[in-house]
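A.B. asks: fold the following, please.
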Amino acid sequence: AYMLDGIWDTDSTWGAVIYVPSVEATADMKIQTNSFTAQSGFSTGNVFQVETKSGSSDFHGDMFEFITNEKVDANKWANNLNGLAKTPYRRNQFGASAGGPLYIPGLYKQRNKTFIFGVYEGLRMSTPNNGTFSVPTEKMHSGDFSEWYVPTAASGITNTNLGTDALGYPVLYHQIYDPSTAIVLNTGQSYIDPITGQPAPQAASCPQVPNPNNPAQMYTPPTCNYRFPVPNNDLAGAHLLNPAGVALMSYYPKPTASGYTNNYIAAASAPTTSDEYIIRADHNLTDATRMYFRWAYKYEQKTNSPQYYDAGYGGDDPGGPGNVRPNNRFSVAAGFSHVFNATTAVSANAGFQRWHQNGVDQGYPFDFGSIGLPGFLTQNSPLFPIVQTDFSSLGPVQGCECLPSTNVGSVAADLTKALKKNALSMGFINVVLQNNNGFNPADTTFDFSAGDTANLLNVSGATLPNTGSGLAAMLMGHPSNSSGTANNLGTAPQEKYTGF
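C.D. replies: This next block holds a predicted model:
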């Protein structure tokens with residue numbers, strides 16, 4: 001559990017601290033690991049108790065800045081290896097604090113009654129990151145997969161001809177088949193290729209399979225499933241391109257290296273910014289009675305995933321993996337204490353904390369109508385879809401497009417009494433925890449599998465390995481799976497805890 005100036009400072013969902021004051025604003029920190037006092041009874045582990053600074057009878061202040069800059073650093077090894085320029089790496093952490101008596105000449109002349117203290121701390125940081133992805137080649141962008149026939153050295157395949165299919169066409173490594181031409185062949189019958197308009201090389205000869213009446217014997221079935229191959233793997237030449245698939249393809253960045261895997265290497269910055277403000281006022285009503293008020297706010301924005309695709313896309317790519325997360329925190333507290341005598345004192349504290357988390361994906365908002373898909377998809381989820389192929393994915397990869405927030409309010413009072421050999425403490429605390437799950441657009445997902453454009457192997461419709469392409473299935477508009485639900489409007493569950 002975390003306590004800040006006597007108020008509850010712990011998130012209700014996973015136990016995180018809500019507001020952490022600047023080091024410049026911290027007067028004292030205490031950690032209890034066992035034998036908790038009664039005020040800390042809610043915790044089953046460690047208890048962190050932090051008190052913020054107050055002003056004193058004299059004016060004090062300071063200023064600071066910590067600097068890191070890539071101009072005095074060497075380039076990263078990975079950047080040098082791939083011919084990339086040095087990525088900005090900058091960290092500027094700066095701020096100031098000041099405190100003292102509230103002294104207004106001619107109006108409020110005192111040095112021992114009212115005290116004020118304030119802190120500002122800012123952070124501007126840009127961290128370099130490198131990302132490696134597998135993206136379509138230049139020819140693939142235009143629908144030409146002819147170079148896809150050539151196996152890579154890593155595949156271990158040296159023979160690109162995998163055999164002959166049921167109509168006499170050669171089965172080539174990575175041959176793409178048109179799923180819209182799927183038919184059931186009758187053994188011995190001749191067919192016209194619907195793509196070329198020409199007769200198939202031979203009459204249908206379905207591949208042999210185990211005899212269902214005698215599995216030890218092979219036989220030629222009377223029928224079998226079949227797809228026609230795309231000539232030269234040229235989808236554009238065969239007029240098989242789907243407008244929505246072509247539009248999705250345009251969001252892939254252009255490769256920076258040769259080959260089909262790990263052929264796009266990008267350097268990108270992951271910026272983090274924050275601005276934190278704290279103001280505290282303390283007032284002595286009498287020598288034995290004191291009260292305080294504190295206000296604090298921290299605006300913070302972190303990068304979950306850099307915008308790696310922008311460089312190869314030529315601008316802000318909605319299909320990229322970029323995600324930033326605003327992470328704002330607010331805290332307000334007030335307290336009162338009174339010392340009755342040398343052995344008896346009472347204190348009371350009340351406060352409110354708010355933690356507002358958010359996620360902003362690079363592809364939000366997104367209009368599905370811009371790629372030729374129905375408008376109701378935008379109404380359901382105005383977020384760029386997650387597109388899965390046999391290359392790197394498009395769309396968001398982590399984080400969320402959501403607006404959750406946590407609210408915590410607490411009131412506590414304590415009475416302490418020092419006895420001769422013991423100390424007596426009594427009081428209560430009341431905590432209200434609210435978790436607003438907020439607005440969370442559901443992801444729309446399109447999966448494109450190589451099996452949808454692969455050679456059908458036998459009667460059961462199984463596909464032949466090393467044929468087909470998920471990316472080609474996307475260009476032809478044949479998803480193997482798609483999903484999407486309407487926007488989620490989250491609930492706001494509330495919990496209350498009272499202890500004595």
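A.B. asks: pLDDT below threshold where in the stretch 151-300 of the chain?
C.D. replies: Scanning the stretch 151-300 of the chain for pLDDT under 70 picks out the ranges 151-159.
A.B. asks: so where do the helices sit in it?
C.D. replies: For the stretch 151-300 of the chain, applying DSSP state H, counting those that start in this stretch gives helices covering 243-249.
A.B. asks: same check on the chain?
C.D. replies: Per DSSP state H, the chain carries helices over the ranges 77-81, 138-141, 243-249, 310-313, 376-380, 470-476.
A.B. asks: list the buried ones in the second one?
C.D. replies: Within helix 138-141, the residues that count as buried by 16 or more other Cβ atoms under 10 Å are 140, 141. C-beta coordinates here come from the backbone N, C-alpha and C atoms, glycine included.
A.B. asks: coming back round to it: hey, which of the helices of the chain is tucked in deepest?
C.D. replies: Mean neighbour count, computed with mean count of other Cβ atoms under 10 Å, is highest for helix 470-476 among those, reaching a mean of 27.
A.B. asks: packing partners for it?
C.D. replies: Helices and strands touching helix 470-476, by 3 or more Cβ pairs under 8 Å, 6 or more residues apart in numbering; DSSP states H and E, are strand 177-186, helix 243-249.
A.B. asks: residue 310 against residue 268, yeah?
C.D. replies: Yes - between residue 310 and residue 268 there is a contact under Cβ atoms under 8 Å: 7.3 Å.
A.B. asks: so which of the helices and strands packed on helix 470-476 gets nearest residue 234?
C.D. replies: strand 177-186 (11.7 Å; Cβ to Cβ).
A.B. asks: other residues contacting the closest one?
C.D. replies: With contact meaning Cβ atoms under 8 Å, 6 or more residues apart in numbering, strand 177-186 is reached by 166-167, 191, 194-195, 204, 206, 222-230, 238, 240, 452-456, 467-468, 473, 476, 478.
A.B. asks: still on that earlier bit, can I get the helices and strands packed on helix 470-476 in JSON lines with distance to residue 263?
C.D. replies: Below are these laid out as JSON lines (distance: least, Cβ to Cβ, whole Å):
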{"stretch": "strand 177-186", "distance to residue 263": "25"}
{"stretch": "helix 243-249", "distance to residue 263": "15"}
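A.B. asks: out of the ones you listed, which gets nearest to residue 369?
C.D. replies: When the helices and strands packed on helix 470-476 are compared (using Cβ to Cβ), the closest one is helix 243-249, at 10.6 Å.
A.B. asks: near the closest residue to residue 416 other than its chain neighbours, how many other residues are there?
C.D. replies: In space, and not counting its chain neighbours, residue 416 is closest to residue 425: 5.0 Å by Cβ to Cβ, 6 or more residues apart in numbering. Number of residues near residue 425 (other Cβ atoms under 10 Å) recorded here: 12.
A.B. asks: and residue 344, by the same measure?
C.D. replies: For residue 344, using other Cβ under 10 Å, the count is 13.
A.B. asks: could you do residue 51 as well?
C.D. replies: Counted with other Cβ under 10 Å, residue 51 comes out at 16.
A.B. asks: now do the contacts for it.
C.D. replies: Here residue 51 is in contact with 5, 26, 27, 28, 29 (criterion: Cβ under 8 Å, 6+ apart).
A.B. asks: the stretch 301-450 of the chain: strands as residue ranges?
C.D. replies: 323-341, 344-357, 360-361, 386-388, 405-418, 423-436, 439-440, 445-447 (DSSP state E, counting those that start in this stretch).
A.B. asks: for the ones you listed, which has the smallest mean pLDDT value?
C.D. replies: Across the strands of the stretch 301-450 of the chain, strand 439-440 has the smallest mean pLDDT, namely a mean of 66.
A.B. asks: distance of residue 49 relative to residue 144?
C.D. replies: Look at residue 49 and residue 144: by Cβ to Cβ, to the nearest Å, they are 67 Å apart.
A.B. asks: for the residue of the chain positioned farthest from its centre, give its distance to residue 427.
C.D. replies: Residue farthest from the centre of the chain, counting by Cα atoms, centre = their mean, is residue 420 at 58.0 Å. From residue 420 over to residue 427 the distance is 22 Å, taken as Cβ to Cβ.
A.B. asks: could you measure from residue 53 over to residue 134?
C.D. replies: 53 Å.
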